[in-house]
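J.: Task: produce atomic coordinates for the following.
(chains A, B, C and D)
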Protein chains: 2
Amino acid sequence: MRAERLKGHLDALLLAVLAGGPRHGYGVIEALRTGSGGRFDLPKGTIYPALHRLEQAGLVRGTWSDDTGRQRRTYELTAAGKRQLNDERSSWREFSTAVVALLEGKPCPAT
Amino acid sequence: MRAERLKGHLDALLLAVLAGGPRHGYGVIEALRTGSGGRFDLPKGTIYPALHRLEQAGLVRGTWSDDTGRQRRTYELTAAGKRQLNDERSSWREFSTAVVALLEGKPCPAT
DNA sequence: CACCTATGGGTAGCATTACTACCCTTCAAA
DNA sequence: TTTGAAGGGTAGTAATGCTACCCATAGGTG
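T.: This next block holds a predicted model:
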């Protein structure tokens, strides 16, 4: 999977994953991998800054938990994040429709 | 249409448009607009550098024409460009499949 | 004539964003 | 004791689309 394709879509995927319940960073990476059929195997250097961005934007809330004596940060969707996820879904559909029309549609001959 | 979504997919769209026959830059912009149902209305500052990239990569061949006394540059797919377009199409399908699985699929609950 | 608009090509610099390559800790198993 | 996985993090880089400009020609319209 060429990486650049992900640009601009990662936030939507993170929100979608967190819609399944709170997770910490490693869990998010795992959910992306399994949920995509192994197609997205993203490095931590991609996920953590992205989660921080989403938190900064108020779409996600992160809380430190210390259940096993180990510091781990758990992220969950905020109300704004859920709304954003809906927007992202319809935005994806529109984008996808346009791309498919151009990629798979019959060629429009030049004048 | 949020712009960042386009990142990493523009080259594929350009190749797809040029598969309909040679065009100059303005024609490419127009074809992207009409072919996408008005969803992609991309500025020249996006298209021209991208076409130059594709030319540099040997996927597209540009030739100056002077039919109406006006200098215009016409681009057409090379053989490598046609091959690349096929790759881009299957790559898009794979990417799209993965995104849809995550965005629309049933949430995978955290452990 | 002067001005505006569309067509047509181009570039410099900016902002965003994902990635590589690192640093750190804790814990279990070999 | 050492190795590996789990877990969190950052600095710097590369790619790339966009904004804001530059240029020219042509055809209308005030």
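
J.: which helix in chain A runs the most residues?
T.: Taking DSSP state H as the criterion, chain A has its longest helix at helix A:79-104.

J.: Which strands or helices does it pack on?
T.: Packing contacts for helix A:79-104, counted by 3 or more Cβ pairs under 8 Å, 6 or more residues apart in numbering or on different chains; DSSP states H and E, involve helix A:10-18, helix B:10-18, helix B:25-35, helix B:79-104. C-beta here means a position set from N, CA and C on the backbone, and glycine is covered the same way.

J.: Need those in JSON lines (columns: distance to A:N86).
T.: Shown next, in JSON lines, are those (distance: least, Cβ to Cβ, whole Å):
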{"stretch": "helix A:10-18", "distance to A:N86": "9"}
{"stretch": "helix B:10-18", "distance to A:N86": "26"}
{"stretch": "helix B:25-35", "distance to A:N86": "27"}
{"stretch": "helix B:79-104", "distance to A:N86": "11"}
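
J.: could I get the ones you listed as a markdown table with distance to A:H52, mean pLDDT and mean neighbour count?
T.: A markdown table is the format used below for the helices and strands packed on helix A:79-104 (distance: least, Cβ to Cβ, whole Å; pLDDT from 0 to 100; neighbours: other Cβ atoms under 10 Å in any protein chain shown):
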| stretch | distance to A:H52 | mean pLDDT | mean neighbour count |
| --- | --- | --- | --- |
| helix A:10-18 | 11 | 97 | 24 |
| helix B:10-18 | 28 | 97 | 23 |
| helix B:25-35 | 34 | 95 | 19 |
| helix B:79-104 | 20 | 96 | 17 |
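
J.: for those helices, which one sits closest to A:A80?
T.: Closest approach to A:A80 among these is made by helix A:10-18 (10.3 Å; Cβ to Cβ).

J.: The closest one close to DNA strand D?
T.: No - judged by Cβ under 7 Å from any atom of the strand, helix A:10-18 and DNA strand D are separated, with a smallest distance of 12.9 Å.

J.: who's in contact with that helix?
T.: A:23, A:28, A:31-32, A:35, A:40, A:42, A:46-47, A:50-51, A:53-54, A:59-60, A:75-77, A:81, A:84-85, A:88-89, A:91-92, B:99, B:102-103, B:107-108 (Cβ atoms under 8 Å, 6 or more residues apart in numbering or on different chains).

J.: What is the burial count for A:R61?
T.: Residues lying near A:R61 (other Cβ atoms under 10 Å in any protein chain shown) number 17.

J.: Closest to the centroid, which residue in chain A?
T.: Nearest to the mean C-alpha position of chain A, by Cα atoms, centre = their mean, lies A:L13 at 2.0 Å.

J.: Roughly how far does that one sit from A:R5?
T.: Separation of A:L13 from A:R5 (Cβ to Cβ, to the nearest Å) stands at 12 Å.

J.: can you check A:R93 too?
T.: Using Cβ to Cβ, A:R93 is found at 17 Å from A:R5.

J.: Equivalent analysis for A:L54, please.
T.: From A:L54 to A:R5 the distance is 20 Å (Cβ to Cβ).

J.: ok, now A:V60?
T.: 23 Å.

J.: out of the two, which sits in the busier spot?
T.: Applying other Cβ under 10 Å to A:V60 and A:R5 shows that A:V60 carries more neighbours, namely 24 against 20.
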